[in-house]
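Novice: Predicted model follows, preceded by the sequence.
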Amino acid sequence: MAEAMMMLENGNEDFGECLIGRFDEGSTESHRYYLARRTTLEMLKDRGYSIPPSEIDLPLSEFRTIHGQSPDVDRLRFSATHTSDPSKRILVIFCGPHIVKVTSVRNIAGQIVNRETLTGLILIVQSTITSQALKAVNLFSFKVEIFQITDLLVNITKHVLKPKHEVLTDKQKRNLLRKYNLEEKQLPRILQTDAIARYYGLEKGQVVKITYSGEITQLHVTYRCVW
């Protein structure tokens, strides 16, 4: 039990809901926010943004000390700047459990400061988002990504059965096509809506290198182009 409590304290839990209820005396709400925030931080780090390790490694107990058992979503928002391209800045906003409507999007727009320096926005929602709200989101001058909080409770790239994904630079893509005398359309495809493509924030035309390893698959590499 001591080992289980230690894993839970560090946020490395793989227990079912019943076991979590037995070991975790805190609220489920704060636990969900904690997990989603940590996965988002890891996701942005994997995209090349500057994320302090201390933020990712923050224990659940400290998160609750800072944000309480019922976190205020406004205090959970944060921004990050790209490591190699400081002109790229992304903002992460957590939405409450309510349905996201047009008024919600307008309120978000009104709360964004230094909008001219923003190049991306991630909205983490817990409920549905109306079609009119989606249209309003598309009016932003920067890319907006929408994730359900349940999609961020676990980092899918850390699953033992998930192959390694690497996003190629434009130069690496050109070299790949030249090396194998291929056109972009001849590469196997991965949809932009794929979970991995969404995790890395991939755009159409980008190429990912996928490395498989294991006793069954052995070591082999393939490439996929985002469509």
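Specialist: Here it is on my side, so go on.
Novice: CA only for contacts and neighbour counts going forward, please
Specialist: OK.
Novice: Could you check how far Arg37 is from Glu29?
Specialist: 12 Å (C-alpha to C-alpha, to the nearest Å).
Novice: ok, the two, which is more surrounded?
Specialist: Arg37 (23 against 11; other C-alpha atoms under 10 Å).
Novice: Please list all residues in contact with that one.
Specialist: Taking C-alpha atoms under 8 Å, 6 or more residues apart in numbering, we find Arg37 in contact with 76, 152.
Novice: Then it would be within a helix, right?
Specialist: Yes. Remark: Arg37 belongs to a helix, assigned using DSSP: H, G, I helix; E, B strand; the rest coil.
Novice: what ranges do the strands span in the chain?
Specialist: Assigned by DSSP state E, the chain shows strands spanning 78-81, 89-94, 120-125, 143-148, 164-167, 189-190, 207-212, 220-226.
Novice: can you put those strands in CSV and add mean pLDDT, mean neighbour count and distance to Gly48?
Specialist: Supplementary listing: the strands of the chain in CSV, determined by pLDDT from 0 to 100; neighbours: other C-alpha atoms under 10 Å; distance: least, C-alpha to C-alpha, whole Å:
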stretch, mean pLDDT, mean neighbour count, distance to Gly48
strand 78-81, 96, 17, 9
strand 89-94, 97, 20, 11
strand 120-125, 97, 20, 14
strand 143-148, 96, 16, 17
strand 164-167, 92, 16, 11
strand 189-190, 95, 18, 21
strand 207-212, 93, 20, 15
strand 220-226, 94, 16, 19
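Novice: now those as a markdown table including distance to Arg47?
Specialist: Formatted as a markdown table, the strands of the chain follow (distance: least, C-alpha to C-alpha, whole Å):
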| stretch | distance to Arg47 |
| --- | --- |
| strand 78-81 | 11 |
| strand 89-94 | 11 |
| strand 120-125 | 12 |
| strand 143-148 | 14 |
| strand 164-167 | 9 |
| strand 189-190 | 18 |
| strand 207-212 | 13 |
| strand 220-226 | 16 |
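Novice: right, and these - which one's nearest Leu58?
Specialist: Evaluated over the strands of the chain, closeness to Leu58 peaks at strand 78-81, with 14.9 Å, by C-alpha to C-alpha.
Novice: for the closest one, packing partners?
Specialist: Judged by 3 or more C-alpha pairs under 8 Å, 6 or more residues apart in numbering; DSSP states H and E, strand 78-81 is in contact with strand 89-94.
Novice: Please name the strands paired to the strand it packs on in the sheet, noting orientation.
Specialist: strand 78-81 (antiparallel), strand 120-125 (parallel) (DSSP bridges).
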